[in-house]
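A.B. asks: A structural model of the following input is requested.
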Amino acid sequence: MECPAIVVSLHHPKTRPGNANKHPRNIVWEANRVQHQSKEEVAAEKAQKQAEKDAHAVVINESHMTIAAAEDAMAIQQKIATNGLPKLIRPCIIPSKKSAPPAVHASQSTTAPQDNQTG
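C.D. replies: Numbering: from 1, shown residues only. Prediction:
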């Protein structure tokens, strides 16, 4: 008995042309690989990043100061518009309800008496 020829075709997915010559492990390895730098390069990069942070902080601080000045000017204008010009009021001194310590009189001086000796 002869068996009819059955053609079994295992169809594999087609590999993309960019990955045709790459090993699967190499793709991950190259993506995770850290490039080594010398101490000088690391220090220079760190100094550059710090300088950029400082410059950015200065710009932000200046913008905050500008906004604060504008808000203060607007608050003054609103206060003048609602209340008119400010009035000068003499402050009233309110005596304290607490008992004050006894005052030291000239006769009760804390220094030792001095003798007047004339020569």
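
A.B. asks: Any stretches of the protein with poor pLDDT?
C.D. replies: 1-11, 86, 99-119 (pLDDT under 70).

A.B. asks: Scan it for its longest helix.
C.D. replies: Longest among the helix segments of the chain by residue count, using DSSP state H, is helix 39-83.

A.B. asks: Centre of the chain to it, how far?
C.D. replies: Relative to the centre of its chain, helix 39-83 is centred 10 Å away, using Cα atoms, centre = their mean, to the nearest Å.

A.B. asks: And for stretch 79-90?
C.D. replies: 37 Å.

A.B. asks: Send over that stretch as PDB, restricted to the C-alpha atoms.
C.D. replies: The C-alpha coordinates for stretch 79-90 follow below in PDB (Å, rounded to 0.1, in the frame of the first residue of the first chain):
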ATOM      1  CA  LYS A  79      -8.000  98.500  47.700                       C
ATOM      2  CA  ILE A  80      -7.900 102.100  46.500                       C
ATOM      3  CA  ALA A  81     -10.800 101.600  44.200                       C
ATOM      4  CA  THR A  82     -13.000 100.100  47.000                       C
ATOM      5  CA  ASN A  83     -11.900 102.100  50.000                       C
ATOM      6  CA  GLY A  84     -10.500 105.300  48.500                       C
ATOM      7  CA  LEU A  85      -7.100 106.600  49.700                       C
ATOM      8  CA  PRO A  86      -5.800 105.200  53.000                       C
ATOM      9  CA  LYS A  87      -6.400 107.400  56.100                       C
ATOM     10  CA  LEU A  88      -3.700 107.900  58.700                       C
ATOM     11  CA  ILE A  89      -4.900 106.900  62.100                       C
ATOM     12  CA  ARG A  90      -3.000 107.500  65.300                       C
END
